[in-house]
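Undergrad: Structure here, sequence nowhere to be found:
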Ligand SMILES: Nc1ncnc2c1ncn2[C@@H]1O[C@H](COP(=O)(O)OP(=O)(O)OP(=O)(O)O)[C@@H](O)[C@H]1O
Ligand SMILES: [Mg+2]
């Protein structure tokens, strides 16, 4: 397993004195789909902004491809690591959609045809092609989120960081974005780091989870290891995915014999049909006796 980005002892202090990172450590593995969870103010955005050098730490380091981030030229980092901001207003700068998505590739000094092909591709992926000529300020919130994602896709980075990309999107928008990210991750091997408050997405799409609390990463592991019981997450102001909450109630209150907590609809369906079959077999055996 290759480590794509290593975060070591990161401390960050904002100009007003807020200590937002208190010695955060994190390993991002090459090709993984990593979720970053944590309560509001736990330091997710601050940590993510260190991964492409937008923020500089007071101390600690970020290692990208075995080389410290400060040894890269900023343009090299932006080429490798793309970031979709939490607030689209922080990201969108050009007057129109097309110009905005073209902004990154233009700065990579690509030829016009290559730039336009990347812009068209990216807009098609986020289902916004017919908005190419639209003014940025006239987009709805969800549409502007999609354009932010298109802008990063057009850069074709090795790592994509997304800060709550699905907040404010309708269910179709969420599905579209998750499908794009899954394809990029599974088919093209792009490493994805995804900060979110939507815990339900995590076991369906992500390989691993890192949980932040008060400026540090307090837990790292697979969704199965992280989402074992609601009590453990309560102190971190987090919840189990809804399906797991239901299965936990069935296990603890209704005393159904559930071994490992199902986290997705598919896993729950499997577990429940197993239980129903068992129940039917017991009843059937009873009626034969
Ligand atoms: N520009 C800033 N200046 C001063 N303090 C800041 C700044 N940005 C963030 N903070 C503070 O740093 C801490 C971490 O904030 P951060 O935005 O990283 O949290 P977060 O986990 O992304 O939260 P959310 O879930 O609300 O997006 C908070 O206490 C916040 O108030
Ligand atoms: Mg944030």
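TA: Cool, got the structure. All figures in this text were calculated on a predicted structure; none of them were measured in a lab. Ligands and ions are numbered 1, 2, ... in the order given.
Undergrad: hey, let's count contacts and neighbours off CA atoms from now on
TA: OK.
Undergrad: Would you mark the buried spots in stretch 273-284?
TA: Counting neighbours by 16 or more other Cα atoms under 10 Å, one finds that stretch 273-284 has no buried residues.
Undergrad: And stretch 101-115, how far out from the chain middle?
TA: Distance, stretch centre to chain centre, for stretch 101-115: 26 Å (Cα atoms, centre = their mean, to the nearest Å).
Undergrad: List of residues touching it?
TA: With contact meaning Cα atoms under 8 Å, 6 or more residues apart in numbering, stretch 101-115 is reached by 79, 94, 116, 118-119, 122, 147-148, 150-152, 154-155.
Undergrad: Check stretch 192-209 too.
TA: 31-39, 44-45, 159-166, 178, 181-182, 185, 219-224, 226, 239-242, 263-264.
Undergrad: Quick check on the residues you listed: which are buried?
TA: Buried among these (16+ other Cα under 10 Å): 31-39, 44-45, 159-166, 178, 181-182, 185, 220, 222-223, 226, 239-241, 263-264.
Undergrad: what does the chain put close to ligand 1?
TA: By Cα under 6 Å from any ligand atom, the part of the chain that sits against ligand 1 consists of 14, 16, 18, 20, 38-46.
Undergrad: element containing the nearest residue to residue 65 once chain neighbours are set aside?
TA: Nearest non-adjacent residue to residue 65, counting by Cα to Cα, 6 or more residues apart in numbering: residue 4, 5.3 Å away. Using DSSP states H and E, residue 4 falls within strand 3-13.
Undergrad: Now do the same contact list for residue 146.
TA: 126, 128, 177.
Undergrad: Now do the strands in the chain.
TA: Applying DSSP state E to the chain gives strands spanning 3-13, 19-29, 33-38, 59-64, 67-68, 81-84, 159-163, 191-195, 208-213, 216-221.
Undergrad: Quickly run through the sheet partners of the fifth one, with directions.
TA: Paired with strand 67-68 in the same sheet, following DSSP bridges, are strand 59-64 (antiparallel).
Undergrad: Tell me if I'm right that residue 243 and residue 269 touch.
TA: No. With contact defined as Cα atoms under 8 Å, residue 243 does not count as touching residue 269 (10.1 Å).
Undergrad: nearest to residue 283, of the residues of the chain next to ligand 1?
TA: Distance to residue 283 across the residues of the chain next to ligand 1 (Cα to Cα) is lowest for residue 38, with 45.6 Å.
Undergrad: in this protein, which spans are helices?
TA: When assigned using DSSP state H, the helices of the chain occupy the ranges 44-51, 74-80, 97-107, 112-125, 141-153, 171-188, 201-205, 223-226, 230-234, 242-252, 265-288.
Undergrad: how much space between residue 52 and residue 68?
TA: 11 Å (Cα to Cα, to the nearest Å).
Undergrad: re earlier: kindly reformat the strands of the chain as TSV containing distance to residue 134.
TA: Shown next, in TSV, are the strands of the chain (distance: least, Cα to Cα, whole Å):
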stretch	distance to residue 134
strand 3-13	37
strand 19-29	37
strand 33-38	32
strand 59-64	37
strand 67-68	40
strand 81-84	20
strand 159-163	24
strand 191-195	28
strand 208-213	37
strand 216-221	41
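Undergrad: As CSV, those strands with mean pLDDT would be great.
TA: Converted to CSV, the strands of the chain look like this (pLDDT from 0 to 100):
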stretch, mean pLDDT
strand 3-13, 98
strand 19-29, 98
strand 33-38, 98
strand 59-64, 97
strand 67-68, 96
strand 81-84, 96
strand 159-163, 97
strand 191-195, 97
strand 208-213, 97
strand 216-221, 96
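Undergrad: okay, and the helix or strand of the protein with the least pLDDT?
TA: The weakest-scoring helix or strand in the chain, judged by mean pLDDT, DSSP states H and E, is helix 265-288 (a mean of 80).
Undergrad: Against which helices or strands is it packed?
TA: On a contact count with 3 or more Cα pairs under 8 Å, 6 or more residues apart in numbering; DSSP states H and E, helix 265-288 meets helix 242-252.
Undergrad: quick one: buried residues of the helix it packs on?
TA: Buried residues in helix 242-252 (16+ other Cα under 10 Å): 243, 244, 245, 247, 248, 251.
Undergrad: Export those as TSV, with columns for distance to residue 64 and pLDDT.
TA: As requested, those are exported to TSV (distance: Cα to Cα, whole Å; pLDDT from 0 to 100):
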residue	distance to residue 64	pLDDT
243	36	94
244	35	93
245	37	93
247	40	92
248	40	92
251	43	91
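Undergrad: Turn those residues into CSV, including distance to residue 90.
TA: Shown next, in CSV, are the buried residues of helix 242-252 (distance: Cα to Cα, whole Å):
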residue, distance to residue 90
243, 35
244, 35
245, 36
247, 40
248, 40
251, 45
